[in-house]
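>>> everything below, folded, please.
(chains A and B)
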Protein chains: 2
Amino acid sequence: MGGDHAPGAVVAGAAEAVRDLGLPLRVLLVGDEPRIRSELAKQGALPAGTIEVRHATEVVEMGEHPGQALRQKKDSSIRVCFDLLAKGEADAMVSAGNSGAVMAGAVLVVGRLEGVERPAIAALIPSLGGKTLLLDAGANTDCKAVHLVQFALMGEVYMRRMLGVERPRIAVLANGEEATKGTELTREAAEALSRAAGVRFSGYAEGKDILGGEVDVVVTDGFTGNVVLKAIEGCAQAMIELLRRSVGSSLAATAGMALARPALRRFKATIDWDEHGGAPLIGVDGVGIIAHGRSGPKAIRNAIRVAAEAAAVGMGPELSRAAQLGRDLCGRPAKGKAGRGAAGAEGNGGEGKGVGGRRSAEEDAPAPTDSRRH
Amino acid sequence: MGGDHAPGAVVAGAAEAVRDLGLPLRVLLVGDEPRIRSELAKQGALPAGTIEVRHATEVVEMGEHPGQALRQKKDSSIRVCFDLLAKGEADAMVSAGNSGAVMAGAVLVVGRLEGVERPAIAALIPSLGGKTLLLDAGANTDCKAVHLVQFALMGEVYMRRMLGVERPRIAVLANGEEATKGTELTREAAEALSRAAGVRFSGYAEGKDILGGEVDVVVTDGFTGNVVLKAIEGCAQAMIELLRRSVGSSLAATAGMALARPALRRFKATIDWDEHGGAPLIGVDGVGIIAHGRSGPKAIRNAIRVAAEAAAVGMGPELSRAAQLGRDLCGRPAKGKAGRGAAGAEGNGGEGKGVGGRRSAEEDAPAPTDSRRH
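As a prediction, this is how the structure comes out:
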């Protein structure tokens, strides 16, 4: 039920996924059953048994407070998805809806992986060298050094296991390459990462390095990550529009561009976010993929592909070990399984030295209760 | 003497400026006189009396501590430029050198405008609507709300007086459009700006809005501003490279692009930073323009043009009133002329609620001494 074009685009994307991806998929569509069935009817024949519908009576709207909505709307499509994940009736979930609510649902219902202090949204960005993983892309407005260090080490696992990058290069995003640049937060995180054995740490990366292809994993706080991700997205859109305007004003150029069209289509595919699927939530005990709110069928299909691949790869134990290494590097004691609903409580104690005054999506999660898994 | 291609590119740019801009310019080239003269000799005949050379024996290197370098190297080219500005022997200065040193020199030698707490680097970015002014683009890693509010109101003056935008639209950069998004810093700044009479405040802007053309002035702290500016720069470069690669792999496309070349040249000019001149230091008592370290002759020529225009327009008193309005909106008492070398002292007192733990370029400036102008 989430996203600007739901449920039509989501249903169409699911149909494309089971028809075209060549994966042994079963997709559960969660939401308003009559509307979903009506959209499904437009899709023609689909392979038998590949799509089921689970009715959910409620929807988390875009403007709603994520934590409250997740607690109160127990029959919302996002909440039901996570319940299916927690009960083992689904292996992964995809949503193009309220990303704060997806984040809150992940922490509240399925919980964090052991050792993980904060899950992050990881955005895969096309670059001159292939792809760069930027995290956190918006889950945690306020971060401490240990969070950035965990993001870096978990991102390393993701690039290795999901993208096949043998020895991913890691960097901390800052306002200059010199170690004296950055903030107390970035300097502390960089210092800890420089002590991580067996990890290729490149020091600071600047904004231009995200697309430069010289680094594979770039970590930052969720405020900066979100702003930068959207700036890059906006830049790509603006350049395509400027190119269109420049060319459109000349007849010869228009003719020339017509000849160049197949090459330009390949070019567009390289920078097309829809081609890369959604952004995984890294650090939660289950696979959750956040698709763009503007997702069309192709974006949903690709998000489903990423979700299926991540579930098949099964990175949980390795991500958990990476998070624990991050804790060790920052001198924080192991605390065992973090469990459901516990995030935010220890994360907001204010004892850290990171950037202050920022608000975390996880503050929307409830305080720790007896709903902990262990 | 500053920049990757100094002094050759700087001298060539100055020659272009006096030859091609059609402005009544006199350029003082400050630095190693023999090297400058040797570069000048390559430029052919120039209009009589348009270029002079002032010898300076020292150079601030890129890796140097800005404040220390400015204090110790009294005969460095940057320092001498600011001394000329302070003595009224120059109306504006341009440098492609160590931008931290330019910032420190501005605060130390010419001082801030009355009422201004922190000068900012303002970057003019081409957008779908014309140009967007992003500030702070890197001068102040650590900011408080009153700084952002002053940046916004000074940026408004700049866009109105320099770019002729009648009623500039102002926004605060954040990780979402809703007022509940952002950090304590951005929320406090946005709240103050929403109370500013006679100013078009649009609330929050997201990263994509910088190039979207729906807003004229976007304010943020210098850490985020620097990262975002370089990300946009890197994105534009990467897209041009990707376009080149896509097209280069097809003979038909190459032929097509040859026909489209004049239109693509117009396109490149739109996004070419060199066309837009350097980034002004806003809030100092004099005109200082920071050119990109990679500046070629064209970029230097355009930075000189911007410097000459800013000196002719004379925005000082209006910028000062804007800064004072910013102080009033944030409930801070007037303190009169800030003077030289005073920045950083009150700016780092820790009484604010902004983002903590960030380091300011101005901390490199010396502590307040009797060198204050008043």
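
>>> go ahead and confirm A:Leu28 touches A:His55.
No: assessed by Cβ atoms under 8 Å, A:Leu28 is found out of contact with A:His55, at 11.0 Å. For the C-beta atoms, the positions are set from N, CA and C on the backbone; glycine is no exception.

>>> list the buried residues in the longest strand along chain A.
What stands out as the longest strand in chain A, according to DSSP state E, is strand A:120-127. By neighbour count on 16 or more other Cβ atoms under 10 Å in any protein chain shown, the buried set for strand A:120-127 is A:Ala120, A:Ile121, A:Ala122, A:Ala123, A:Leu124, A:Ile125, A:Pro126, A:Ser127.

>>> how far does that strand sit from its chain's centre?
Put simply, strand A:120-127 sits 7 Å off its chain's centre (Cα atoms, centre = their mean, to the nearest Å).

>>> then stretch A:29-47?
For stretch A:29-47, the distance to the chain centre is 26 Å (Cα atoms, centre = their mean).

>>> what do you get for stretch A:180-197?
With Cα atoms, centre = their mean, you get 24 Å for stretch A:180-197.

>>> is chain B within reach of that stretch?
Yes: Stretch A:180-197 reaches chain B (Cβ under 8 Å from any Cβ of the partner chain) through A:Gly182, A:Thr183, A:Glu184, A:Leu185.

>>> most neighbours, which of the residues you listed?
A:Leu185 (29 neighbours; other Cβ atoms under 10 Å in any protein chain shown).

>>> and that one, what helix or strand is that in?
Per DSSP states H and E: A:Leu185 is located in helix A:184-194.

>>> flag every buried residue along that helix.
A:Glu184, A:Leu185, A:Thr186, A:Arg187, A:Glu188, A:Ala189, A:Ala190, A:Ala192, A:Leu193.

>>> most widely separated two among those?
Across the buried residues of helix A:184-194, the longest distance by Cβ to Cβ is 15.0 Å; it joins A:Glu184 and A:Leu193.

>>> tell me the bridge partners for A:Ala120.
On the basis of DSSP bridges, A:Ala120 is bridged to A:Ile282.

>>> was I right to think it contacts A:Leu135?
Yes: using Cβ under 8 Å, A:Ala120 makes contact with A:Leu135 at a distance of 4.5 Å.

>>> these two touch, right, A:Leu173 and A:Val217?
No: with contact defined as Cβ under 8 Å, A:Leu173 does not count as touching A:Val217 (10.5 Å).

>>> find the nearest non-adjacent residue to whichever residue of the stretch 1-150 of chain A sits closest to chain B, please.
Residue of the stretch 1-150 of chain A nearest chain B, by Cβ to the nearest Cβ: A:Leu128 (5.3 Å). Nearest residue to A:Leu128, sequence neighbours excluded (Cβ to Cβ, 6 or more residues apart in numbering or on different chains): A:Gly213, at 3.8 Å.

>>> looking at A:Leu173 and A:Val217, which is more packed in?
More neighbours surround A:Val217 than the other of A:Leu173 and A:Val217, with 30 against 27 (other Cβ under 10 Å).

>>> tell me what that one is bridged to.
Beta-bridge partners of A:Val217, counted by DSSP bridges, are A:Leu133, A:Ile170.

>>> quickly find the element holding the nearest residue to A:Ala255 once chain neighbours are set aside.
Among residues not flanking A:Ala255 along the chain, B:Leu259 sits closest, at 5.9 Å (Cβ to Cβ, 6+ apart). For B:Leu259, the host element (DSSP H and E) is helix B:251-271.

>>> show me what that helix is in contact with.
Helix B:251-271 is contacted by residues A:239, A:242-243, A:245-247, A:249-250, A:252-264, B:126, B:236, B:240, B:246-248, B:275 when judged by Cβ atoms under 8 Å, 6 or more residues apart in numbering or on different chains.

>>> buried subset of those residues as a ChimeraX selection?
Buried members of these, defined by 16+ other Cβ under 10 Å, are picked up in ChimeraX with:
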select /A:239,242,243,246,247,250,253,256,257,259,260,263,264 /B:126,236,240,246,247
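
>>> ok now stretch A:71-81, how far from the chain's centre?
Distance, centroid of stretch A:71-81 to centroid of chain: 20 Å (Cα atoms, centre = their mean).
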